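Peer 1: Generate coordinates for the sequence data below:
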Amino acid sequence: MLTKVKTPAEDVAALMANIGERARAAARPLAIADAERKHAALVAMAAAIERREAHILEANAIDISNGESAGLTPAFMDRLRLDPGRIRDIANGVRAIAELADPIGEVIAEWDRPNGLHIERVRTPLGVIGVIYESRPNVTADAGALCLKAGNPVILRGGSDSLNSSSAIHACLVEGLKAAKLPSDAIQLVPTTDRAAVGEMLKGLDGNLDVIVPRGGRSLVERVQKEARVPVFAHLEGICHIYVDRSARLEMAVEIVVNAKMRRTGICGAAETLLVDRAVAGTHLVPILDALAKADCEIRGTEEVRSAFAVAKLASDADWTTEYLDAIISVKLVDGIGEAIEHIETFSSHHTEAIIAEDAGAVARFFNEIDSAILLHNASTQFADGGEFGMGAEIGIATGRMHARGPVGVEQLTSFKYRVRGSGQVRP
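Peer 2: Numbers count the residues shown, from 1 in each chain. Okay, here's the model as predicted:
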């Protein structure tokens, strides 16, 4: 069992500086490693995770016990908890990343100039990545594997609540690196729970950290976005909407809404607000809310919603801007696609929104006029996930507009350079 020990500030600074230096030293050999070696490392990591299942579960049991003693919320505990099925999913996720095409060296675009120069834009590693996350031990494997595939060293700073689980998984990743004769410092896990370690990462580790990806609650992301001296890929919160249009098929709407809210309530892609076209309130609203209530979801609605569904609680202004991460949903009737778009653009965190509709015109307006990272038609918001996008896994969802947006997978963890081929040209 690992213990949470407060470390003197100067020791934390020295520790993190050393981690940054070692990560930077691993950058070049990792950047030039061939696809076969990275593939071999990832396959070995997946095998190690499966082989060490019992050890990982023992470590996770310690974290679960500590979390229960600390009174962590059910949603937090769900993100923390591992079982044999989830460990298999972690291993399979690493294998899926292994089978992705290696992005490094890919020619993204190429063209010829009138003077005979041939120009290529080619993918390169982004650099040393810092990932700061809370309670999700699976992020240890996802982030480590994705960064490796993209040729980037990564420094992982997991939450104190998942330290034992993350350490057990990290040991499997290091085993895979060693098996493939890649630098073991390519994937490092910060060994202290001291919050000062996060502060050192936000400073950039003396120029050795190129990008930070925070994955956690609002307070963590706000701190990172406020204090970081290096670029950040992040989303602050996932206030995700589902709009049920007048053209929606009722059976489909019921199934999608319940799944979007209740499949896993503690993930950022869970629906938090339901908007229903007033034109179908008489046919669609109550069956959808009945299905949610039977799934033990608390309904918070406007007075109009409550008049149709008496067990609903009255929604406050704060409900439209709340990421519940729990079995709660806010509900409102709107006058068609125009008002739905207006509500979403006013209250959305620009993470994920879905429309349930058969009207192609309504879908086109939804896709064209809403500025969120992920938009879905006739599908659950719970598909807002890099694995479901065919990326193998993701480091997180980015809602900014620079470099990466939506699931941050292998391609989003690359930069590019230009290769220009000539035949003796000089510039006049």
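
Peer 1: Now do the helices in the chain.
Peer 2: Remark: helices assigned in the chain by DSSP state H are 9-31, 35-51, 53-70, 74-80, 84-99, 138-149, 163-179, 196-203, 218-227, 250-262, 286-294, 303-308, 336-347, 360-369.

Peer 1: so which of the ones you listed is the most packed in?
Peer 2: Mean neighbour count (mean count of other CB atoms under 10 Å) peaks for helix 138-149 among those, with a mean of 28. To be clear about C-beta, it is placed using only N, CA and C from the backbone, and glycine gets the same treatment.

Peer 1: Centre of the chain to that one, how far?
Peer 2: 11 Å (CA atoms, centre = their mean, to the nearest Å).

Peer 1: Which strands and helices lie in contact with it?
Peer 2: Counting by 3 or more CB pairs under 8 Å, 6 or more residues apart in numbering; DSSP states H and E, the packing neighbours recorded for helix 138-149 are helix 35-51, helix 84-99, strand 129-133, strand 154-157, helix 163-179, strand 187-189.

Peer 1: Tell me which of the ones you listed lies nearest to residue 244.
Peer 2: helix 84-99 (30.9 Å; CB to CB).

Peer 1: tilt between the closest one and helix 138-149?
Peer 2: Angle, helix 84-99 to helix 138-149, by axes from the mean of the first three to the mean of the last three CA atoms, to 10 degrees: 10 degrees.

Peer 1: Report the separation between residue 378 and residue 356.
Peer 2: Using CB to CB, to the nearest Å, residue 378 is found at 6 Å from residue 356.

Peer 1: and for the two, which residues touch both?
Peer 2: Applying CB atoms under 8 Å, 6 or more residues apart in numbering, one finds that residue 378 and residue 356 are jointly contacted by 252, 256.

Peer 1: the more surrounded of the two?
Peer 2: When residue 378 and residue 356 are compared for neighbours, residue 356 comes out ahead with 30 against 15, by other CB atoms under 10 Å.

Peer 1: OK, contacts around the more buried one?
Peer 2: 242-245, 248-249, 252-253, 256-257, 377-378.

Peer 1: Equivalent analysis for residue 288, please.
Peer 2: 244, 253-254, 257-258, 274, 276.

Peer 1: run the last query once more with 7 Å
Peer 2: 244, 253-254, 257 (CB atoms under 7 Å, 6 or more residues apart in numbering).

Peer 1: Find me the pLDDT at it, would you?
Peer 2: In this model, residue 288 is scored at 98, pLDDT.

Peer 1: Low-confidence ranges, this structure, go.
Peer 2: 1-9 (pLDDT under 70).

Peer 1: per-domain residue ranges of it.
Peer 2: 9-233+408-419, 240-383 (automatic domain parsing).
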